[in-house]
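1. okay, here's the prediction I keep looking at, along with the sequence it came from:
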Amino acid sequence: MSWTDDRVETLKKMWGEGQSASQIAKELGGVTRNAVIGKVHRLGLSNRATSGGAAKADTKPKAKAAPKAEAKPKSEPKTEKPVMKTEAAAPPKSTLPARKQIIPAGQPLPPQPSANEISPEALAKVNEVEKKAKKIGLMELTERTCKWPVGDPATEDFWFCGLPVKQGKPYCEAHVGVAFQPMSSRRDRRR
């Protein structure tokens with residue numbers, strides 16, 4: 001189907017009368033509603049004349065049947081250009097997890113949820129190891145030293161464990177026991 005001058009004139013006339021894109025497509029034949037809408041926009045006809053077209057559209061359906069008169073106004077808003085808002089929605093601060101919130105230096109960290117899951121034996125072992133730790137600084141870390149941080153990085157008392165690492169891990173044996181918890185029995189069952 002091609003848009004001949006006669007078909008374009010018919011489209012302009014019916015569009016000006018307030019006919020819907022579906023009605024125009026039926027009248028023209030061989031064209032879809034979307035093709036009519038596209039042609040209307042390319043011709044720059046998207047602004048309808050509401051006073052003359054609405055009056056003519058209302059008089060015709062009243063003579064036929066009442067249900068069709070109600071259907072006409074519903075089809076007109078579909079042809080209007082929708083207004084789209086592109087504002088990015090930012091989540092409220094309260095929904096952010098505590099670990100992503102910035103905590104000022106010198107303030108205590110909030111309790112971590114995984115702290116309750118650590119076995120008392122592992123914690124006792126960590127306390128003993130931290131007494132024996134080398135207490136090294138960031139610049140003294142190597143691939144063979146435990147990189148477990150102890151204390152608040154914003155204070156002078158911050159240090160790393162520094163004991164020999166367990167093979168293939170970044171921490172010593174005691175800190176590996178805390179950092180890498182065994183999978184729960186529920187997760188084991190799923191596999």
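-> On my side now, so go ahead. Numbers count the residues shown, from 1 in each chain.
2. CA only for contacts and neighbour counts going forward, please
-> OK.
3. quick one, domains of this protein?
-> 5-79, 114-190 (automatic domain parsing).
4. mean pLDDT lowest for which of these?
-> When the domains of the chain are compared by mean pLDDT, domain 5-79 comes last with a mean of 73.
5. what's the local residue count around Tyr122?
-> Let me fix one detail, which is that residue 122 is Ala and not Tyr. Neighbour count for Ala122, taken as other C-alpha atoms under 10 Å: 15.
6. please identify the helix or strand for it.
-> helix 120-132 (DSSP states H and E).
7. same check, this time on Lys39
-> Assigned by DSSP H and E, Lys39 belongs to helix 33-43.
8. count the residues that sit near the nearest residue to Ala133 once chain neighbours are set aside.
-> Nearest residue to Ala133, sequence neighbours excluded (C-alpha to C-alpha, 6 or more residues apart in numbering): Cys161, at 5.1 Å. Look at Cys161: counted by other C-alpha under 10 Å, it has 25 neighbours.
9. Cys161 reaches Pro149, doesn't it?
-> Yes: using C-alpha atoms under 8 Å, Cys161 makes contact with Pro149 at a distance of 6.6 Å.
10. which of the residues in the helix holding Ala122 are buried?
-> Neighbour-count burial for helix 120-132 flags 123, 126, 129-130 (criterion: 16 or more other C-alpha atoms under 10 Å).
11. can you check stretch 32-41 too?
-> Neighbour-count burial for stretch 32-41 [16+ other C-alpha under 10 Å]: 32, 36-37, 39-40.
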